[in-house]
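S.K.: this is the structure alone, sequence omitted:
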């Protein structure tokens, strides 16, 4: 009963906001209302009437065409292009603008948008002729694994093949004329959800080759949510076979591909290089502890406060900060959750908007199977105190059951925890992380997960309901 008393103490401390957060999740919705548009660019705000806040829209062109709420993140284009990295992997929590930014990169670089410079007018990237001249000049392949989820290996392969087949269908004009030989045309038409693994592995490589012939330029490849099927593979028990398939696909696409200009991958977790990236020595990994691109995902405090003023919510700054601030990327603090902020601006009331967007199956499973000392650290976190732990940021899925510290890497990557400080210890400079729960919204989510573990713990080992002690 001591645990229940402790849990109630945490909730009562934030009675007016936390109880609602834990027990009343807002359902996902994808709709819009007429509001004031705020455009934030280089520290300035401007307003126009009859604009909209679009909830869940990840289509950059549509947002711009409809004059929807949008905070300018086009400096990401400049930063990424000037980095000259061959392959960039960027990890951020869910609903942090990854897909929208990837779609923005597509609209900027793709020659299919060569006549759509209007999409970038008034944005930071459009202020220099150098960048205006670069817009719409490359063939671009954009695919997403966000919806690749299945409990069987055969089905997840089909879903990936369908994504690739869609790319082939988009560029079906390549079959016209004599650009391709008859054998190549036959292979092109054979690309489908039922193709063999060998065909699938080299399919993107071949499409890059065909596009290079047609346009005379190498191809930019954008892969969004690359790690979604990997979590599915681990949870459903086909990890080893699936990673072999994915390793071959990635090797052919990102390494053994002379027609690749550059590539960007996004996801939530940094999967270990040994799992799928073992052949890629030209990969630059940007995680939540990296300084690069820190302010291009999520909203900065300046952006949020200016938005609140424009929406007539200036008196809510401190409340919004407590609920949605706290994310730290590299050395940049005070990063706000964009999904929650956008919902708050639309509905003008505090809510656990982010909480309703994930089931956290893998994290819940690891919490329930965790050791006693880990659960004790969870209790410390629920008291809004910090803990000190060491772990590898790379997720080695096949070792999750054996690595007692892997859960901290997942919780950090998922956005539930933030880094206050990193210490380098010992002769090998091993990193030790000072971690704390990110904000009130994540405190409610964290408490909910801990409650689920507690009730399951009566049969699996955990907190004893009678003694209040961990067992």
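M.R.: Okay, I see it. It should be emphasised that the depicted structure is a prediction, and the values quoted were computed from it without experimental measurement. Numbering: from 1, shown residues only.

S.K.: use CA for all of it now, contacts and neighbours both
M.R.: OK.

S.K.: pLDDT on stretch 450-460, on average?
M.R.: Averaged across stretch 450-460, pLDDT comes to 59.

S.K.: contacts only, for the closest residue in space to residue 331 that isn't next to it in sequence.
M.R.: With CA to CA, 6 or more residues apart in numbering as the criterion, residue 331 has its nearest non-adjacent residue at 6.0 Å, and that residue is residue 291. Residues near residue 291 by CA atoms under 8 Å, 6 or more residues apart in numbering: 329-332.

S.K.: next, the buried residues of stretch 318-327.
M.R.: 320-321, 323-327 (16 or more other CA atoms under 10 Å).

S.K.: as TSV, those residues with distance to residue 403 would be great.
M.R.: Shown next, in TSV, are the buried residues of stretch 318-327 (distance: CA to CA, whole Å):
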residue	distance to residue 403
320	36
321	34
323	32
324	31
325	30
326	27
327	25
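
S.K.: in a helix, residue 446, correct?
M.R.: Yes: assignment of residue 446 by DSSP: H, G, I helix; E, B strand; the rest coil places it within a helix.

S.K.: that one contacts residue 417, correct?
M.R.: No: taking contacts as CA atoms under 8 Å, residue 446 lies outside contact range of residue 417: 9.4 Å.

S.K.: need the phi and psi values for the residue nearest to residue 331.
M.R.: phi -80, psi -30 (degrees, to the nearest 10).

S.K.: residues touching residue 348, list them.
M.R.: Contacts for residue 348 (CA under 8 Å, 6+ apart) come out as residue 313.

S.K.: what does residue 60 give?
M.R.: 100-101, 103-104, 107.

S.K.: and of the residues you listed, the nearest to residue 90?
M.R.: If you rank the contacts of residue 60 by distance to residue 90 using CA to CA, residue 101 comes first, at 11.1 Å.

S.K.: so which bits of stretch 152-165 are buried?
M.R.: Applying 16+ other CA under 10 Å to stretch 152-165 flags 153, 156-165 as buried.

S.K.: can you list contacts of that stretch?
M.R.: Contacts of stretch 152-165 (CA under 8 Å, 6+ apart): 143-145, 148-150, 191-195, 200, 203-204, 229, 233, 236, 238, 242.

S.K.: filter those to the buried ones?
M.R.: 143-145, 148-150, 191-195, 200, 203-204, 229, 233, 238, 242.

S.K.: where's residue 351, which helix or strand?
M.R.: Secondary structure assignment for residue 351, by DSSP states H and E: no helix or strand.

S.K.: now do the SS call for the residue nearest to residue 440 when sequence neighbours are not counted.
M.R.: Of all residues beyond its chain neighbours, the one nearest residue 440 is residue 323 (4.6 Å), with distances taken as CA to CA, 6+ apart. The three-state assignment at residue 323 reads helix, by three-state DSSP.

S.K.: and what of the one 5 residues further on?
M.R.: Reduced to three states with three-state DSSP, the structure at residue 328 is strand.

S.K.: could you dump the contacts of residue 60 to JSON lines with distance to residue 450, pLDDT and secondary structure?
M.R.: JSON lines is the format used below for these (distance: CA to CA, whole Å; pLDDT from 0 to 100; DSSP: H, G, I helix; E, B strand; the rest coil):
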{"residue": "100", "distance to residue 450": "32", "pLDDT": "97", "secondary structure": "helix"}
{"residue": "101", "distance to residue 450": "33", "pLDDT": "98", "secondary structure": "helix"}
{"residue": "103", "distance to residue 450": "36", "pLDDT": "98", "secondary structure": "helix"}
{"residue": "104", "distance to residue 450": "38", "pLDDT": "98", "secondary structure": "helix"}
{"residue": "107", "distance to residue 450": "42", "pLDDT": "99", "secondary structure": "helix"}
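
S.K.: domains of the chain?
M.R.: Residue ranges for the domains of the chain, per automatic domain parsing: 2-16+362-460, 74-286.

S.K.: worst mean pLDDT among these?
M.R.: Looking at the domains of the chain, the lowest mean pLDDT belongs to domain 2-16+362-460 (a mean of 79).

S.K.: picking up where we left off before, just the closest of the buried residues of stretch 318-327 to residue 405, please.
M.R.: Closest to residue 405 out of the buried residues of stretch 318-327 is residue 327 (20.9 Å), distances taken as CA to CA.

S.K.: wait, that closest one sits on residue 301?
M.R.: No: at 10.7 Å, residue 327 does not count as touching residue 301 under the criterion of CA under 8 Å.

S.K.: so what sits against both of those two?
M.R.: Joint contacts of residue 327 and residue 301 (CA under 8 Å, 6+ apart) are 334-336.

S.K.: now do the helices in the stretch 301-450 of the chain.
M.R.: 301-310, 317-324, 338-347, 361-368, 372-382, 406-414, 440-460 (DSSP state H, counting those that start in this stretch).

S.K.: output these in a markdown table; the columns should cover distance to residue 186.
M.R.: Shown next, in a markdown table, are those (distance: least, CA to CA, whole Å):
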| stretch | distance to residue 186 |
| --- | --- |
| helix 301-310 | 52 |
| helix 317-324 | 53 |
| helix 338-347 | 45 |
| helix 361-368 | 42 |
| helix 372-382 | 56 |
| helix 406-414 | 43 |
| helix 440-460 | 52 |
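
S.K.: returning to what we had before: now list the buried members of the contacts of residue 291.
M.R.: Applying 16+ other CA under 10 Å to the contacts of residue 291 flags 329-330, 332 as buried.

S.K.: got the residues you listed as TSV, with pLDDT and distance to residue 186 columns?
M.R.: Putting the buried ones among the contacts of residue 291 into TSV (pLDDT from 0 to 100; distance: CA to CA, whole Å) gives the following:
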residue	pLDDT	distance to residue 186
329	96	48
330	93	49
332	94	52
